[in-house]
Structures are given as structure tokens and as C-alpha cells.
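[1] here is a sequence together with a model predicted from it:
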Amino acid sequence: GNSVTQMEGPVTLSEEAFLTINCTYTATGYPSLFWYVQYPGEGLQLLLKATKADDKGSNKGFEATYRKETTSFHLEKGSVQVSDSAVYFCALSGPRGSTLGRLYFGRGTQLTVWP
Amino acid sequence: DGGITQSPKYLFRKEGQNVTLSCEQNLNHDAMYWYRQDPGQGLRLIYYSQIVNDFQKGDIAEGYSVSREKKESFPLTVTSAQKNPTAFYLCASSTQGFYEQYFGPGTRLTVT
């Protein structure tokens, strides 16, 4: 079946530190991979995505590369800011070609950045 | 501005009452979804609909019901049969064949 495992938090960093949040997946077929971000009390916002192997998604200084050989999609940012404090979710789509675009989510990783 | 609206943001109900959560989108998306989020957990799929007048159960449909009479609207009813209804409920939508979903701001339901 399809599932996502992401590193447990909370992750606490100082401003300007390097961030990595690990995400690995199990999937049938060729899924698309996503990172979503959730700020306190809000819905989820799409942060970045990758639709095929070796694709790199990037947005707002965050990056993640779709690694089929290691079934991973780790989120990285070179220098975090206090405003990056949020919960980050890794997700994968259903099999390509499926008429249903459901997403499978990891449990989320809470990130707190201190000034 | 296109987007998804959920109302109300906070909802309080007494145990034993049914309650309906609203979800409206003006993105012209065909598919809509309802998720439940509990503290420290990921999102769990309740119901989804790929087209008007059709919907399917997700992973935790028991105690919930939905309707899809209009493309723009996908209301969720939390019935008295739902054993632990207190949670944060998120609605999302997507275009057919594309898998990225767009989320509303959520409704926090508290049942006492």
C-alpha cells in the first residue's frame, strides 16, 4: 500500500541554522510527492512538489528532491527564519493514472525556530 | 480571489447533536475532500467526491455523512454516532487528474 514516514518532532533550531526533515515513502506505481506547511490554527498550504524521479521541488528557500532509489523526499532549507516555525507534512499521491487524486500524509513535524 | 472557504472557524455543540460543516470553493475544481486532524497526527480522509452527486468513503467515514449537490459545495455532517467528534476538520479540492490539493482554513469542532 501507500504510506509516508517522516521524522518525528519537535525540531528546534536557531535562526539561520540548516534544516532537514526526513521523509520516506512506500508506494505502488509512480506517485507524486509533496510538502505542505501548516501555520498555527490554519489550513495546509502547498510548499513544493515533485512529480517524477530526480525532480527537485523548491519554494521560499525550501528544497526537496524525489529520490526513487532511496524512496525519499527530504525537505531542506539552508537558513531558517523565525517565520518558518510551523508543522510540515510530507505527502504522496495515489498511483499515476488513477482517477482519484487522494493524498497520503505523514504525521507532520513541528518546527520551532528561535531568534 | 479564488479559494476555499470553511465556516464557521469555531463550532461548539452538545453531545448527541448533529452538526454540519460548510465547505465552498470557487476554483472550479471537480474533486473535493474532507479530512480530520487530531493533535500529533496526520490527516485522515473522511469522504471524497470526484464529481457532483457522487462521493465515496475514505478511511474513517463512520459517524459522518456528506452531500455533493453542487460542484462548489461539499458539506460534512458530523452525526451523533461519531464517538469522538472533537477535532480540526479540513476541506480540500483538486482538479481531476492532478493530485495537488488546496485546503481551506479549517473548522475546529468541540463537542461537550
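    On my side now, so go ahead. Numbers count the residues shown, from 1 in each chain, chains lettered A, B, ... in the order given.

[2] contact residues of chain A facing chain B?
    For chain A, the contact set with chain B under CB under 8 Å from any CB of the partner chain comprises A:4, A:32, A:34, A:36, A:41-46, A:49, A:89, A:93-94, A:99-103, A:105-108. Heads up, the C-betas are built off the backbone N, CA and C, glycines and all.

[3] roughly how far is the helix or strand bottoming out on mean pLDDT in chain A from the heart of the chain?
    The helix or strand of chain A with the poorest confidence is strand A:103-105; it has a mean of 90 (mean pLDDT, DSSP states H and E). Remark: strand A:103-105 is offset 11 Å from the chain centroid, using CA atoms, centre = their mean, to the nearest Å.

[4] go on, stretch B:28-47?
    Relative to its chain's centre, stretch B:28-47 lies at 6 Å (CA atoms, centre = their mean).

[5] within its sheet, name the partner strands of whichever helix or strand comes after the least confident helix or strand of chain A and how each one runs.
    Heading C-terminal from strand A:103-105, the first helix or strand you meet, by DSSP states H and E, is strand A:109-114. Using DSSP bridges, strand A:109-114 pairs in its sheet with strand A:11-14 (parallel), strand A:86-93 (antiparallel).

[6] who touches strand A:109-114?
    Strand A:109-114 is contacted by residues A:6-15, A:17, A:19, A:21, A:80-89 when judged by CB atoms under 8 Å, 6 or more residues apart in numbering or on different chains.

[7] let's see it at 7 Å
    Identification of contacts with strand A:109-114 by CB atoms under 7 Å, 6 or more residues apart in numbering or on different chains yields A:6-15, A:21, A:80-82, A:84-88.

[8] pretty sure A:A50 is touching A:L33, no?
    Yes: between A:A50 and A:L33 there is a contact under CB atoms under 7 Å: 5.1 Å.

[9] neighbour count for those two, which is higher?
    A:L33 (28 against 21; other CB atoms under 10 Å in any protein chain shown).

[10] who's in contact with that one?
    A:25, A:49-50, A:66, A:73, A:92.

[11] please convert these to TSV, extending it with pLDDT.
    Shown next, in TSV, are these (pLDDT from 0 to 100):
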residue	pLDDT
A:Y25	95
A:K49	94
A:A50	93
A:Y66	96
A:F73	98
A:L92	91
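
[12] after the host helix or strand of B:C91, next one along is what?
    Element membership of B:C91 [criterion: DSSP H and E] is strand B:87-94. Using DSSP H and E, the helix or strand that follows strand B:87-94 towards the C-terminus is strand B:102-103.

[13] list the neighbouring strands of that next one plus their orientation.
    Partners of strand B:102-103 in the sheet, by DSSP bridges, are strand B:87-94 (antiparallel).

[14] before we move on, the earlier item: list buried residues within the residues of chain A next to chain B.
    Those of the residues of chain A next to chain B that meet the buried threshold are A:4, A:32, A:34, A:36, A:43-44, A:46, A:49, A:89, A:93-94, A:100-103, A:105-108, by 16 or more other CB atoms under 10 Å in any protein chain shown.

[15] quick check, pLDDT for the most centrally placed residue in chain B.
    The centre of chain B sits closest to B:W34, judged by CA atoms, centre = their mean, with a distance of 3.1 Å. pLDDT for B:W34: 97.

[16] same question for B:K9.
    Reading off the model, B:K9 has pLDDT 93.

[17] give me the number of residues near the nearest residue to it once chain neighbours are set aside?
    Closest residue to B:K9 apart from its sequence neighbours, by CB to CB, 6 or more residues apart in numbering or on different chains: B:T107 at 6.3 Å. Residues lying near B:T107 (other CB under 10 Å) number 23.
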